[in-house]
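Peer 1: Structure for the following, please:
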Amino acid sequence: MPETRETPAGSEIGFRCLGVRADPHAASPTLCFRLGVHEPVGESVHAIALRVQIRIEPARRRHDPAESELLADLFGHPSRWGDTLRPLQFATVSLMVPRFTGSTEVDLPVPCSYDLEVAAGKYFASLDDGEAPLLLLFSGTVFARSGEGFTVRQVPWHCEARQGLPVAVWRELIDRYFPGSGWLRLHRDTLRALQRFKSDRTLATWDETVEALLKEARR
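Peer 2: Okay, here's the model as predicted:
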């Protein structure tokens, strides 16, 4: 089961993550995090202008040798990981939580990139199975009804939740939009040189072009 942790109980509003799934109807790759929101005092919450920062915490996962080899581009040799295995920024998103009393559940859409130059994309693409450990940090403003008026207060700074993103969910998401493929950004001059190489050798696809370059490099 994905690991979750609820914000400490008390008189303050709290958040927890109930799961994550790929959004099948989004126009671009999007993950949906299901959030539980709890207001323990029982007052009516008019709205929450919520901001969520999501980080990857690679130190909370064990990586096998094949993954470690691919992750060297991010963290260096595994012998240095005690110093280099730091959290990675994944996303910062905003959400308006509608009116509720007591508790509610909402979906938090998180647009995703498969650009392998982005650290988060590199990390997810390097994992074979299991889960990627995430930390959700909550901030924002709570608008609540109190007596004959409204109160305005900040979401407590310590509100956070841990959630595992199953690698299978990430692959399902990316394969829905880019089945069996990935993306690399190249300089315009590099692309033109590749195009000339492809044309000179009458290669049919870019995959064949890169494979030919790799074969020449091995020789």
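
Peer 1: Pop the domain breakdown of the protein in here.
Peer 2: Domain assignment for the chain by automatic domain parsing gives 14-184, 186-219.

Peer 1: just the ones you listed: most buried one?
Peer 2: Mean neighbours per residue, mean count of other CB atoms under 10 Å, is largest over those for domain 14-184, with a mean of 16. Where you see a C-beta, it was placed from the backbone N, CA and C, and this is true even at glycine.

Peer 1: For the chain, which segments count as strands?
Peer 2: Secondary structure of the chain (DSSP state E): strands at 14-22, 30-38, 44-56, 88-97, 100-101, 103-111, 131-146, 149-154, 160-166.

Peer 1: closest one to residue 174 among the ones you listed?
Peer 2: strand 14-22 (8.8 Å; CB to CB).

Peer 1: For that closest one, give me every contacting residue.
Peer 2: 2, 4-8, 29-38, 40, 105, 136, 138, 159-163, 165-166, 169, 172-173, 176 (CB atoms under 8 Å, 6 or more residues apart in numbering).

Peer 1: contacting residues for the residue nearest in space to the middle of the chain?
Peer 2: In the chain, the centroid-proximal residue (CA atoms, centre = their mean) is residue 90; its distance is 4.6 Å. When the contact criterion is CB under 8 Å, 6+ apart, the partners of residue 90 are 54, 55, 56, 110, 120, 134.

Peer 1: Could you tell me the least trusted of the domains of the chain?
Peer 2: In terms of average pLDDT, domain 186-219 trails the rest of the domains of the chain, at a mean of 86.

Peer 1: what about it, start to end distance?
Peer 2: The first residue of domain 186-219 is 24 Å away from its last residue (CA to CA, to the nearest Å).

Peer 1: How far does that domain sit from its chain's centre?
Peer 2: Centroid separation for domain 186-219 versus its chain: 32 Å, with CA atoms, centre = their mean, to the nearest Å.

Peer 1: 43 is where my numbering starts, stick with that
Peer 2: With 43 as the first residue, the last one maps to domain 228-261.

Peer 1: mind checking how far residue 182 is from residue 92?
Peer 2: Distance from residue 182 to residue 92, counting by CB to CB, to the nearest Å: 4 Å.

Peer 1: What of residue 120?
Peer 2: According to CB to CB, residue 120 and residue 92 sit 37 Å apart.

Peer 1: Ok, residue 86 next?
Peer 2: Separation of residue 86 from residue 92 (CB to CB): 17 Å.

Peer 1: and residue 148, what does it touch?
Peer 2: When contacts are counted by CB under 8 Å, 6+ apart, residue 148 touches 76, 77, 79, 137, 139, 140.

Peer 1: could you redo the last one with a cut-off of 10 Å?
Peer 2: Taking CB atoms under 10 Å, 6 or more residues apart in numbering, we find residue 148 in contact with 75, 76, 77, 78, 79, 90, 92, 137, 138, 139, 140, 142.

Peer 1: Just the closest of these to residue 255, please.
Peer 2: Nearest to residue 255 among the contacts of residue 148: residue 75, at 40.0 Å, using CB to CB.

Peer 1: Which strand residues bridge residue 181?
Peer 2: Assessed by DSSP bridges, residue 181 has beta-bridge partners residue 93.
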